[in-house]
Each structure stands twice: as C-alpha cells, then as structure tokens.
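Undergrad: Have a look at this prediction, sequence included:
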Amino acid sequence: QVQLVESGGGLVQAGGSLRLSCAASGRTVSSSAMGWFRQAPGKEREFVAAISWSGVTTLYADSAKGRFTISRDNAKNTVYLQMNSLKPEDTAVYYCAANRGGNYYYTPMHVHEYESWGQGTQVTVSS
C-alpha cells in the first residue's frame, strides 16, 4: 500500500497562488495515475485534476481549467498541483489519490477509481 502525504496548503488572498505537493512512499507511483480532489465543508469530495502515469495526459475540472496545473516528477515520487488566481470558492481540503492501473493515457476522475488517499491539506482563500 502506498502512503500519500500532501503539503503546501495554507491561507492566501484571492488572486494568489499556492503549490501543493503529494509525496508518495511505500512504493513507487510511477505506474499510477494520480489525481487531486477537494472537499469543502458540507459538500461532497469533488474532482480537481488528474494526470496519467506517463504524464502525457492531464484532465481538469471546469473550475480548475486555465488556473490549475497538475504535474508529476516520477524520480521524486511526487505529484504537484500549481494553483493560480485562487478564488474564495477554492477553499477546501485538498486530497491527492493514486490509481494503480490503467493505460498510458488513463486519467480517472471519480473517487471510486482511486484506491489510495492522502490525509489532505487545507487551502483557505480569503476575499
């Protein structure tokens, strides 16, 4: 089982930026599709972005397109989420997740498609 640890969250003003990191340990995630999700209080966990194990394909929620960028460094066993132009509605706990499988282009976007999850990191955007 892989362990995932998110970091980089915090408090930022609207329009600011944050870079989240997700460090994996226990096994390599170089053959895993990786995703970022978020959950705001009283809401369901929602998809933000995903990247295939090859890094060739990425997928974004409409709310993230043009503002967020997902990337990975398989040598460091780490996935990143660069978030720019942050809005108060981006406030949530952000989780990274791993999917051990799929093909070269696979970018899962549903919670049930991921078998490993981190504990989350809080992102708060003030207006």
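TA: Alright, I've got the coordinates.
Undergrad: now the residue nearest in space to the middle of the chain, nearest residue through space, not along the chain?
TA: In the chain, the centroid-proximal residue (Cα atoms, centre = their mean) is residue 36; its distance is 2.2 Å. Excluding the flanking residues, the one nearest residue 36 by Cβ to Cβ, 6 or more residues apart in numbering is residue 48, at 4.3 Å. All C-beta atoms are positioned from the backbone trio N, CA, C, and that covers glycine.
Undergrad: my read: the one you found touches residue 90, true?
TA: No - assessed by Cβ atoms under 8 Å, residue 48 is found out of contact with residue 90, at 9.2 Å.
Undergrad: quick one: the residue nearest to the centre of the chain and residue 102, what's the gap?
TA: Separation of residue 36 from residue 102 (Cβ to Cβ, to the nearest Å): 16 Å.
Undergrad: for residue 59, same thing?
TA: Where residue 102 is concerned, residue 59 sits at a distance of 12 Å (Cβ to Cβ).
Undergrad: what does residue 40 give?
TA: According to Cβ to Cβ, residue 40 and residue 102 sit 28 Å apart.
Undergrad: Same question for residue 10.
TA: Residue 10 is 32 Å from residue 102, by Cβ to Cβ.
Undergrad: which regions of this protein sit below the pLDDT cut-off?
TA: Applying pLDDT under 70 to the chain flags no residue at all.
Undergrad: how does it look with 90?
TA: Scanning the chain with the threshold set as pLDDT under 90 gives 1, 100-104.
Undergrad: picking that back up, what about the residue nearest to the centre of the chain, which SS state?
TA: Assigned state for residue 36: strand (three-state reduction, DSSP: H, G, I helix; E, B strand; the rest coil).
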